[in-house]
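**Q** sharing a sequence plus its predicted fold:
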Amino acid sequence: MNIALLTSSDYPEHGAPETFVRNLFTGLSSASSKVTIFKFWGTRYSSNARYDYVQNYLFRSPPARIILLQLLDYFAKISYAPVFIFRLRYIVKANCLFIYGIDTSLFLLPVLLACKCFNLPVYRFVTEIYSCRSYITHFIKWPDVAFRYFQIAFFDRYFNGILVLSNYLKQILSTHNVPNQRILLIHNLIDASSNVVSSKPEKNTICFFGYISRENGIDILLNQFSVVQQHFPLAKLFLAGPLSNDIDWINYFDSFKNISYLGVLDKFQLNTLISKCDVLVNPRPIGLGQLSGFPTKFGEYALSGRPFISTLIPDLVSCFPAPQYTFWALDPYELASKLVAYFTDPSPLVDDCNTARLWALDNLCCLKKARSIASFVKSTSTIRL
């Protein structure tokens, strides 16, 4: 199978979207598929030079931060859609197109129509429902609210298939007349070849790695950590990942004791960090993103072999009932009590996290999921408009 993957991520570098695309590429390649990745925004932060399977959708780099030029850039991307699909169908010889990280009908509708015209099966990943404030950064972007709604309400039903990360998203799509046989629930993808950490950790050390932002609950985590220090004064908190601009995080960190911010780490550095930490935390508040998506953190934390504490993930409550499994915090403000309980008696959390690790290996492994995706494509690729 020859697959084209159009992504808005900055593959292969940076955070969760890039990790998802990387694991998707690994899984599909292992299933005897050729995968060519096309980057919708070009080389914003990383070069394609070292990856002969990565190409740019249209322009190499985005335009200057001038509204008019950005509008012209987006109009060019829409206009190029038929040419791009023709190229995939008859030059790249792709059997199907996957679209990841692009949610607006303003672009997806032209691509969908072109795929139907050139008989190219097309699939879309829907990863979560985003709050308006996460993408409305300028008044000129307000129409995007309508375009995102129209995509789910009216146009997703015409794709060959939709791949979703949660039952919440599956229910929304079913409500808007997307047939169940054209929806594949995959939760998330993890690279099971990552090394399980086995070295002895430093006692009473806590780690979070990911996007440092209020949306991910880092401000709450810091305050909860100060509560933990009242019981364990020598406790330490390590943070790693890119910083958002919603708070002056560096100065904010300085107002707390025993907090170390390590910046953005590569895979080796991250494994080294995990090896020295006693417990991992995911403090993301339960909101629309947590409800509709499936946090990458759960799979990464479970796979590491380290004990972890996470806020509730609705899709997993049926697998791991909240009162029974000790790694759940009902909300971020319960993190302190959970951490104190773990530092006092670690055995219940260790046992529960071992169970979660086995579940993650069986249900989130990108190599296993790739076989499900390949079967899904095979069963839906002949669907017509």
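**A** Now that the structure is in, tell me what you want to look at. Residues are numbered from 1 along each chain as shown.

**Q** and the helices in the stretch 251-385 of the chain, which stretches?
**A** Remark: helices assigned in the stretch 251-385 of the chain by DSSP state H, counting those that start in this stretch are 267-276, 288-292, 296-304, 335-344, 347-363, 366-380.

**Q** likewise the stretch 51-200 of the chain?
**A** In the stretch 51-200 of the chain, the helices defined using DSSP H, counting those that start in this stretch lie at 67-79, 81-87, 105-117, 143-150, 167-175.

**Q** now those helices in a markdown table, with mean pLDDT?
**A** A markdown table is the format used below for those (pLDDT from 0 to 100):
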| stretch | mean pLDDT |
| --- | --- |
| helix 67-79 | 86 |
| helix 81-87 | 96 |
| helix 105-117 | 94 |
| helix 143-150 | 79 |
| helix 167-175 | 92 |
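
**Q** give me whichever of those helices is most buried.
**A** Across the helices of the stretch 51-200 of the chain, averaging neighbours per residue (mean count of other C-beta atoms under 10 Å) puts helix 105-117 on top, at a mean of 20. The C-beta positions use only the backbone N, C-alpha and C, and glycine is treated the same way.

**Q** before we move on, what's the pLDDT of the residue lying closest to residue 93 once chain neighbours are set aside?
**A** Using C-beta to C-beta, 6 or more residues apart in numbering and skipping the chain neighbours, the partner closest in space to residue 93 is residue 2 (5.7 Å). pLDDT for residue 2: 93.

**Q** is residue 2 bridged to anything, and to what?
**A** Taking DSSP bridges as the rule, residue 2 bridges to residue 34.

**Q** how many other residues sit next to it?
**A** The number of residues packed around residue 2, counting by other C-beta atoms under 10 Å, is 13.

**Q** hmm, it is touching residue 92, no?
**A** Yes: counting by C-beta atoms under 8 Å, residue 92 is a contact partner of residue 2 at 7.2 Å.

**Q** who touches both of those two?
**A** Here residue 2 and residue 92 share the contacting residues residue 36, scored by C-beta atoms under 8 Å, 6 or more residues apart in numbering.

**Q** one step back: show me what contacts the residue nearest to residue 93?
**A** Contact analysis of residue 2 by C-beta under 8 Å, 6+ apart lists 33, 34, 36, 92, 93, 94, 95.

**Q** of those, buried ones?
**A** When the contacts of residue 2 are checked for burial by 16 or more other C-beta atoms under 10 Å, the buried set is 33, 36, 92, 94, 95.

**Q** which members of the residues you listed are the farthest-apart pair?
**A** Spanning the widest gap among the buried ones among the contacts of residue 2 are 33 and 92, at 13.4 Å by C-beta to C-beta.

**Q** quick check, pLDDT for residue 44.
**A** 76.

**Q** now do the domain split for the chain, please.
**A** As recorded under automatic domain parsing, the domains making up the chain are 2-189+366-380, 205-363.

**Q** Throw those into a markdown table and include distance to residue 199, thanks.
**A** Below are those laid out as a markdown table (distance: least, C-beta to C-beta, whole Å):
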| stretch | distance to residue 199 |
| --- | --- |
| domain 2-189+366-380 | 23 |
| domain 205-363 | 5 |
